[in-house]
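J.: sharing a model prediction with you, sequence too.
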Amino acid sequence: HGWIVGGLYNIAESGDLIMRTADGGATWENQRSDASCMLTSVHFIDQNTGWAVGRSGCIIRTDDGGNTWKLQQDNSTVWELNDIYFTDAFNGFAVGGQDMQPGAFDRTGVMLQTIDGGDNWVIREIYNKSYVSSVNFSGSMKGWIVGDNGMILHSFDAGNTWSYQSTSATFSQLFSVSFI
């Protein structure tokens, strides 16, 4: 099983796009939610349970493989969520940020955490408040987030605390992180 998310950049026609395959990508079927935001990332922990995040801070969840999606956080915030990752059905993180002013490169980041499957989200402090692009875990304890200015944060305790990791990519924008 696989899923794709996206949407339209055109503000007049904003909306989500969710597509699902059950045959290894040979065919794709459209799925819809009531979220009227462009979706930027999707993460499933099994073939039924998944989450997607998007612009304006929207977070949606499915428990039936995407046939229906429930809005967990509406799209009324200034945060643009870029990525979402769950270590199990309860513990997850959504990351992103916002531009400080239109067209500027000065951006601030956000990391949201849930311990109840996404029913409630809390904002977590981010080292130097850098814009965050991606989050990933290797197991339930070790996690990483990456973002602007070469930022790499690492957690050894299931995301309860995060430490800055030095890197030679000093001022590079880091877009994605993945561990197996």
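T.: Looks like it came in fine.
J.: number of nearby residues for the closest residue to W28 other than its chain neighbours?
T.: If the residues on either side of it in the chain are set aside, W28 comes closest to M19, at 4.4 Å by Cβ to Cβ, 6 or more residues apart in numbering. (C-beta placed from N, C-alpha, C; glycine too.) When counting by other Cβ atoms under 10 Å, one arrives at 16 neighbours for M19.
J.: for D34, same thing?
T.: Using other Cβ under 10 Å, the number of residues around D34 comes to 12.
J.: rewinding a little: is the residue nearest to W28 in a bridge, and if so with what?
T.: I4, N30 (DSSP bridges).
J.: quick one: the residue nearest to the spatial centre of the chain and N149, what's the gap?
T.: Per Cα atoms, centre = their mean, the C-alpha nearest to the average position across the chain is that of D83, at 2.1 Å. Using Cβ to Cβ, to the nearest Å, D83 is found at 17 Å from N149.
J.: what about this protein, any weak spots by pLDDT?
T.: Within the chain, the set of residues satisfying pLDDT under 70 comprises 8-15, 75-76, 99-106, 127-128, 168-170.
J.: let's go with 90 and repeat that
T.: The chain contains residues with pLDDT under 90 at 6-17, 31-38, 55-58, 71-80, 97-110, 123-131, 147-151, 160-175, 180.
J.: excluding chain neighbours, what is closest to V146?
T.: If the residues on either side of it in the chain are set aside, V146 comes closest to L174, at 3.7 Å by Cβ to Cβ, 6+ apart.
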